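1. Predicted model and sequence follow; I will ask about them next.
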Amino acid sequence: MRRNRVAAAAVAGTMTLTAAACGSSGDSEAKGATSPPAPSGEPSGGTQPTQPAKEPILLAFGGDTHFEGVLRSRLNNPSTAFGPVAKQLRAADLAMVNLETAITTGGTPAPGKQFTFRAPATVFKALKAAGVDVTSMANNHGMDYMEGGLRDSLAAIKRAKFPTVGIGKDADAAYRPYRVTVKGNKLAIVGATQVLDNNLIQAWTATDTQGGLASAKNVPRMVQAVKEASQGSDVVIVHLHWGAELQACPLPRQKELAEKLIAAGADVLVGGHAHIPLGGGYQDGAYVHYGMGNFVFYSANGKTAESGVLFLRVENGKVTKDKWAPARISGGIPIPLKGAQAKAAVKRWNGLRDCTGLQARPS
């Protein structure tokens, strides 16, 4: 999908990203993605293959997304399912959201859960149309319809060929990073969840012999996954489902995990679960965001309707600038804010950093 150059310059705003710096030169699995050079020994027009130059890239992240309840009918027209926020997602070189639902029309609802979410496979058409390039299903709703729903989800992912992390036929597949080269930058993206219902941990956690989700509760396995992802990568992105619902400050276990994953090689840690935005900032050369809040979410109202898109500019393997583009969810869809409303929302978002221990700018 070709990037909208005008939109790219507009959303970049104070990040001083020009259309030339953020534009895409072609179509691939991610906007702005490039193909690898020809293998050694293959003809290349008389010249040796060269690695593409690394250009600055723009990443975009949205929060918890599903198409439950009143949102289901929006999948009847996947091209417009995300509403106006899709313009912002398309403006990034790579965009990612948390897909908080099983992809099935069957399966058995998980026992003991008050809320179970599922959506048909057309959700992948909606994600692609909105400019989303990769998603994580490692969350406390990814296996809401148990083993049958998992089989359907994996089959739908395979048919759609949509990059999806944090879920798989076994642990190796669930923890395996999605790798893509974007404007010469080799990215590796890992997804995992730190939130699982106690009675479902065993059934939902991927193992050597069982399909399921990548669990961040297994810290050594998570550290191993990040170390493996960092091999041959310029940028490692870790998407985490973590924190406590409606709690605006990160839990000690979130901070502890962030520290360990940064030490293992993570450059970007972005997550969700609280249903409200949390703070973000810089730590030890990495960028950490503790909670994106809801994004496309049917029951959002009041505080849980506060939403937005996080933009990160990456240069030479590091995040150099960040921007919060605020939105408010109406009818389940995030509507970008403008003017005084946007300014006030950004001020609130910046204030959320106070309890995170993160820095406002890279050191």
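-> Looks like it came in fine.
2. contacting residues around the residue lying closest to A138 once chain neighbours are set aside?
-> With Cβ to Cβ, 6 or more residues apart in numbering as the criterion, A138 has its nearest non-adjacent residue at 2.6 Å, and that residue is G166. The C-beta positions use only the backbone N, C-alpha and C, and glycine is treated the same way. Contact analysis of G166 by Cβ atoms under 8 Å, 6 or more residues apart in numbering lists 136-139, 142, 174, 190-193, 213-214, 239.
3. Kindly report the same for D354.
-> D354 is in contact with G279, counting by Cβ under 8 Å, 6+ apart.
4. what kind of secondary structure is it in?
-> Here D354 is recorded as helix under DSSP: H, G, I helix; E, B strand; the rest coil.
5. measure it to P220 for me?
-> To P220, D354 is 32 Å away according to Cβ to Cβ, to the nearest Å.
6. I'd like to know how far L154 sits from A91.
-> For L154 relative to A91 (Cβ to Cβ), the value is 31 Å.
7. More neighbours: which of the two?
-> Legend: neighbour count by other Cβ atoms under 10 Å for L154 and A91, higher for A91 (29 against 18).
8. Could you check the pLDDT of the more buried one?
-> pLDDT recorded at A91 is 98.
9. now do A214
-> According to the model, A214 carries a pLDDT of 98.
10. And for K31?
-> In this model, K31 is scored at 82, pLDDT.
11. neighbours around it, how many?
-> Residues near K31, counting by other Cβ under 10 Å, number 30.
12. ditto for T80
-> T80, neighbours per other Cβ under 10 Å, totals 14.
13. quick one: contacts for it?
-> 74, 86, 129.
14. Need the buried ones from those residues selected in ChimeraX.
-> The ChimeraX selection below is limited to those of the contacts of T80 classed as buried (16 or more other Cβ atoms under 10 Å):
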select :74,86,129
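15. Turn the contacts of T80 into TSV, including distance to H273.
-> Below are these laid out as TSV (distance: Cβ to Cβ, whole Å):
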residue	distance to H273
R74	23
A86	23
A129	26
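16. still on that earlier bit, from the contacts of G166, pick the one nearest Q359.
-> H239 (21.4 Å; Cβ to Cβ).
17. Would you confirm that the closest one contacts I189?
-> Yes - contact criterion Cβ atoms under 8 Å: H239 and I189 qualify, at 6.9 Å.
18. Find residues that contact each of the two.
-> The contact sets of H239 and I189 overlap at 96, 165 (Cβ under 8 Å, 6+ apart).
19. Who is T205 paired with across the strands?
-> L213 (DSSP bridges).
20. now the strands: where do they sit in the stretch 251-363 of the chain?
-> 268-272, 280-283, 286-289, 294-296, 306-315, 318-330, 333-336 (DSSP state E, counting those that start in this stretch).
21. which one of those strands lies closest to V123?
-> strand 294-296 (9.8 Å).
22. The closest one: partners in the sheet, and parallel or antiparallel?
-> Assessed with DSSP bridges, strand 294-296 is paired to strand 57-65 (parallel).
23. Send me the strand it pairs with as CSV with only the CA atoms.
-> Provided in CSV are the C-alpha atoms of strand 57-65 (Å, rounded to 0.1, in the frame of the first residue of the first chain):
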residue,chain,number,x,y,z
ILE,A,57,11.2,5.5,9.3
LEU,A,58,8.0,6.3,11.0
LEU,A,59,6.2,3.7,13.1
ALA,A,60,2.6,4.0,14.3
PHE,A,61,0.8,2.0,17.0
GLY,A,62,-2.8,1.8,18.0
GLY,A,63,-4.3,0.0,21.0
ASP,A,64,-6.8,-2.7,21.7
THR,A,65,-8.8,-3.6,18.6
